[in-house]
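quick one, structure for this:
(4 chains)
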2 protein chains.
Amino acid sequence: MRLTTKGRYAVRALFCLSKYTDEKPTPLSVVAKDQDISLNFLEQLFVHLRKNGIVSSVRGPRGGYRLAKKPKDITIGEVLRAVGEATYPVFCTEDDIPNNKQCPRADECVTHLLWIKLGKTINDFLDSTTLEELYQFKPE
Amino acid sequence: MRLTTKGRYAVRALFCLSKYTDEKPTPLSVVAKDQDISLNFLEQLFVHLRKNGIVSSVRGPRGGYRLAKKPKDITIGEVLRAVGEATYPVFCTEDDIPNNKQCPRADECVTHLLWIKLGKTINDFLDSTTLEELYQFKPE
DNA sequence: TATAACTTGACTATTATTGTTAGTTTAGCA
DNA sequence: TGCTAAACTAACAATAATAGTCAAGTTATA
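Okay, here's the model as predicted:
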C-alpha cells in the first residue's frame, strides 16, 4: 500500500511552484532542477494537473506553469487523484466503477465495508490537508 | 496506493478461521475453498501469520491452523504487517529503515512529514480495528 | 523567426505482484 | 508399519504496474 512516484512527485512539484508566487509563470525546467525530477516525467504529470484545473500554463518563451488556485484551496487529495493516484486502498471500493465491473463478492464480502471505511479515513485526511499546510510541515 | 492481495487475502482467511472456533484446527484446504483462494498462496501467507503469533499450527492429518488469540485481540494492522503489507504510504516513513538507508531528502523534504502524518492516520485506523469487528461489517 | 516552452504518443527497462511447481517433513490412523 | 493428510520450504515464472525515455511535433513571443 504505497503511493506511486506519480503522486509523490506531483505534490513536491506543486509545492515547488507555490514558492514562486510572483506574476511570472515558472518553467518546468526550474521545477525539475529544484526537485531533481526528470523533465519529461514532470511534463506528463502537468498535463493532468492542468486538465484538472490545478495549474494554468503559458506557452512560448518566458512561459511556464502557475497555480490556478491559492495553495490553501488545493488539497493533497485532488492533486493525487488528478495524476491518477488511487486514494482508495482496494479496487472494489472506488466510486467510479461501472456497474458491470463491480466486485462480484461485494455482497458477501465481509472485508468490503472495512476497506471502504479505511478509504474514507484516508480521503478525509487527504481532502482536509492543503498545499499551504505543507509549509507548516517544513523542517526549519 | 492499493493494498496488495497478500493483505486482502490474509484478512479474509483469518476471518474465515474465526468462524470455526471449535477446538479442532482448520486445514487451509477448507479456507481455500471457502474464500476461493489458491491453497499454495494461503500456505505462504500462513507461514508469516504463524511466525508473528497470530495463528498456531498443528501438523499432520487432522491438523490445520487455529487463531492464537481471540478475534478481539487481533488487529487488522498487525495482520497486514505480518504478511509484509506496507501500512505506511511511502518508503521513507517506515519505522524500520536502517539508518544508513534513510531517505537522503528527509531533512529538506517538505512532504516527509505529510506522509508520516498520513501513515499515522492509516495505522491508527488499522490498529484500532480488530478481526472481531469484521462481523459488524458483515452485510446481512 | 528562432527559441524556449508546452503537447502528444509510443516505447521500454525494471520491479513487484501473484501466483505455480515440486518437493520435504510431520504425525494420526488402519 | 506403512499410508495419507496436512504443514512446511524454496525455487521459479507469467503478468502487470511502475517509472521513466525518446521522438516528433505545436505554439507563442521576445
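
what sits against the single nearest residue of chain A relative to DNA strand C?
Across chain A, the shortest distance to DNA strand C (Cβ to the nearest atom of the strand) belongs to A:Pro27, at 3.4 Å. (Glycine included, C-beta is placed from N, CA and C.) By Cβ atoms under 8 Å, 6 or more residues apart in numbering or on different chains, the contact set of A:Pro27 is A:63-65.

equivalent analysis for A:Leu131, please.
A:11, A:14-15, A:18, A:67, A:71-72, A:74-76, A:79.

repeat the analysis, applying 7 Å as the threshold.
Neighbour list for A:Leu131: A:14-15, A:18, A:71, A:74 [criterion: Cβ atoms under 7 Å, 6 or more residues apart in numbering or on different chains].

any part of stretch A:10-19 near chain B?
Yes - judged by Cβ under 7 Å from any Cβ of the partner chain, stretch A:10-19 comes into contact with chain B through A:11-12, A:15.

closest one of the residues you listed to B:Asn123?
A:Val11 (20.1 Å; Cβ to Cβ).

distance of A:Leu134 from B:Thr87?
Distance, A:Leu134 to B:Thr87, using Cβ to Cβ, to the nearest Å: 23 Å.

neighbours of A:Ser128, how many?
A:Ser128 has 11 neighbours, counted by other Cβ atoms under 10 Å in any protein chain shown.

er, A:Ala82 I mean
24.

got it, and A:Thr75?
Neighbour tally, A:Thr75, other Cβ under 10 Å: 18.

do A:Gly53 as well
A:Gly53 has 12 nearby residues by other Cβ under 10 Å.

wait, it sits on A:Ala68?
Yes - using Cβ atoms under 7 Å, A:Gly53 is in contact with A:Ala68, at 5.5 Å.

with just CA atoms, put the host helix or strand of A:Leu114 into PDB.
Here A:Leu114, judged by DSSP states H and E, is contained in helix A:111-127. C-alpha atoms of helix A:111-127 as PDB (Å, rounded to 0.1, in the frame of the first residue of the first chain):
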ATOM      1  CA  THR A 111     -14.000  -7.000   4.200                       C
ATOM      2  CA  HIS A 112     -15.700  -4.800   1.700                       C
ATOM      3  CA  LEU A 113     -17.000  -2.300   4.300                       C
ATOM      4  CA  LEU A 114     -13.700  -2.500   6.200                       C
ATOM      5  CA  TRP A 115     -11.800  -1.200   3.200                       C
ATOM      6  CA  ILE A 116     -14.400   1.400   2.400                       C
ATOM      7  CA  LYS A 117     -14.000   2.700   6.000                       C
ATOM      8  CA  LEU A 118     -10.200   2.700   5.600                       C
ATOM      9  CA  GLY A 119     -10.600   4.500   2.300                       C
ATOM     10  CA  LYS A 120     -12.800   7.100   3.800                       C
ATOM     11  CA  THR A 121     -10.300   7.700   6.600                       C
ATOM     12  CA  ILE A 122      -7.500   8.200   4.100                       C
ATOM     13  CA  ASN A 123      -9.500  10.500   1.900                       C
ATOM     14  CA  ASP A 124     -10.800  12.600   4.800                       C
ATOM     15  CA  PHE A 125      -7.200  13.300   5.700                       C
ATOM     16  CA  LEU A 126      -6.100  14.000   2.200                       C
ATOM     17  CA  ASP A 127      -9.000  16.200   1.400                       C
END
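
close to DNA strand D: what parts of chain A are there?
For chain A, the contact set with DNA strand D under Cβ under 7 Å from any atom of the strand comprises A:4-6, A:38, A:40-41, A:44, A:58-63.

format those residues as TSV; extra columns: neighbour count and distance to DNA strand C.
Putting the residues of chain A next to DNA strand D into TSV (neighbours: other Cβ atoms under 10 Å in any protein chain shown; distance: Cβ to the nearest atom of the strand, whole Å) gives the following:
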residue	neighbour count	distance to DNA strand C
A:Thr4	16	10
A:Thr5	15	12
A:Lys6	17	13
A:Ser38	10	11
A:Asn40	9	6
A:Phe41	15	9
A:Gln44	12	6
A:Val58	14	7
A:Arg59	8	5
A:Gly60	6	5
A:Pro61	6	4
A:Arg62	9	7
A:Gly63	13	4
